[in-house]
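Engineer: What follows is a predicted protein model with its sequence.
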Amino acid sequence: MSKKVAYYGIFAALAVLMGYVEFVLPSPVPIQGVKLGLANVIVVIAMYFMGEKSALAISIVRVIMSSLLFGGFSGFLYSIAGALVSFGAMCIVKKIKAVSIIGVSIVGGIFHNIAQMTVAALVLNTKGVFYYLPVLLISGVITGIIIGLISKYCLAHIEKAGIRF
Amino acid sequence: MKKIDIIIAVIAVAVAGILYFSGIISPKEKGVYAVVYVDGNEYGRLPLDKDGSIDVVTEYGENKVIVKDGYADCIYADCRDGLCVEQKEINKVNESIICLPHKLVVEIEGGEKAVIDSVSE
């Protein structure tokens, strides 16, 4: 039990750290709150290492912590929409056996961006933001592939080291 | 990376390409007006064929939108990060400049819609 608590703590801390890295990096679209979704790397690893429920808990803790630390309220809306929608989409795709961790992560990246753009459209009460959809789709695919590869190699090392949740 | 992962990536990129090049969201057609919306309501409009400017002052903050040489641009904002000032100038239908903290959107509208608007007015 205490070992599990420690894992939750480490993963949540890593996810907040990735959120900070993302806060420092520029977004592909100059709209406040729309971000790359790099913190997803920890959620994807957690999904495979600890299971889906644990990953969801870590994801929500991360969003709350990051919003308190660097985001503010409008930042919170974007992050939680991006986190929950991409999580849901990844869970569905993960059930398909033919899809590997990279496919799952690509779908997560795409839906993260679609969700954030939808929030922007609702907050601004305009469909003007959908002009950025192609850019966000492609950036979702690219970050998805990067996150998928990082997660895959991290998981391979975790397994090699014989670490189990 | 399995075959189906590549298929997912290719589909997403193809959709992005279709959206971009088919003209559904970016018609590549020069607009007639730059329309400034605040909170979804029209605040003002500038014709693109002559230079002009609008000072947008609302409860959310201040922005300055200008038209110069047929392009609309946001050149000033008193918000924290000024991302809308960084966004590139626009002149084609459906292109937009967005300033989230001030709930401001500048959108380019085409001629047809402007005609319909003036008739209905």
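Structural biologist: Here it is on my side, so go on. None of the values given here were measured: they were computed from a predicted structure.
Engineer: Please make it C-alpha for all contacts and neighbour counts, starting now.
Structural biologist: OK.
Engineer: what residues does the helix or strand hosting B:Ile66 touch?
Structural biologist: Using DSSP states H and E, B:Ile66 sits within strand B:61-68. Defining contact as C-alpha atoms under 8 Å, 6 or more residues apart in numbering or on different chains, one finds that strand B:61-68 is touched by B:34, B:46-48, B:50-57, B:72-79, B:102.
Engineer: got a list of what the most centrally placed residue in chain A touches?
Structural biologist: Central residue of chain A (C-alpha atoms, centre = their mean): A:Asn40, 2.5 Å from the mean position. Shown here is A:Asn40, whose contacts under the criterion C-alpha under 8 Å, 6+ apart are A:Ala15, A:Ala83, A:Gly108, A:Ile147.
Engineer: ok, now with 10 Å
Structural biologist: A:15, A:18-19, A:46, A:59, A:82-83, A:86-87, A:105, A:108-109, A:112, A:143-144, A:147-148, A:151 (C-alpha atoms under 10 Å, 6 or more residues apart in numbering or on different chains).
Engineer: can you tell me how far the residue nearest to B:Pro47 when sequence neighbours are not counted sits from chain A?
Structural biologist: Closest residue to B:Pro47 apart from its sequence neighbours, by C-alpha to C-alpha, 6 or more residues apart in numbering or on different chains: B:Tyr33 at 4.5 Å. For B:Tyr33, the distance to chain A equals 15 Å [C-alpha to the nearest C-alpha, to the nearest Å].
Engineer: Name all residues that make contact with B:Tyr33.
Structural biologist: Applying C-alpha under 10 Å, 6+ apart, the residues near B:Tyr33 are B:45-49, B:67, B:70-72, B:91-93, B:106-111, B:113-114.
Engineer: Out of these, list just those in strands.
Structural biologist: Under the assignment DSSP state E, these contribute B:Arg45, B:Leu46, B:Pro47, B:Val67, B:Tyr71, B:Ala72, B:Val106, B:Glu107, B:Ile108, B:Glu109 to strands.
Engineer: Report the beta-bridge partners for the fourth one.
Structural biologist: Translated: B:Val67. Beta-bridge pairing of B:Val67 under DSSP bridges involves B:Gly52, B:Ala72.
Engineer: if we can go back for a sec, give me the subset of the contacts of A:Asn40 that also touch chain B.
Structural biologist: A:Ser105, A:Gly144, A:Gly148 (C-alpha under 10 Å from any C-alpha of the partner chain).
Engineer: Considering those, which is situated nearest to A:Leu124?
Structural biologist: A:Gly144 (27.0 Å; C-alpha to C-alpha).
Engineer: burial of the closest one, as a residue count?
Structural biologist: Counted with other C-alpha atoms under 10 Å in any protein chain shown, the neighbours of A:Gly144 add up to 29.
Engineer: pretty sure it is touching A:Ile102, no?
Structural biologist: Yes. A:Gly144 is in contact with A:Ile102 according to C-alpha atoms under 10 Å; the separation is 7.0 Å.
Engineer: returning to what we had before: pLDDT of the strand holding B:Ile66, averaged?
Structural biologist: The pLDDT scores in strand B:61-68 average 92.
Engineer: Check stretch A:113-126 too.
Structural biologist: Here the average pLDDT along stretch A:113-126 is 85.
Engineer: Then stretch A:23-37?
Structural biologist: Stretch A:23-37 comes out at a mean pLDDT of 73.
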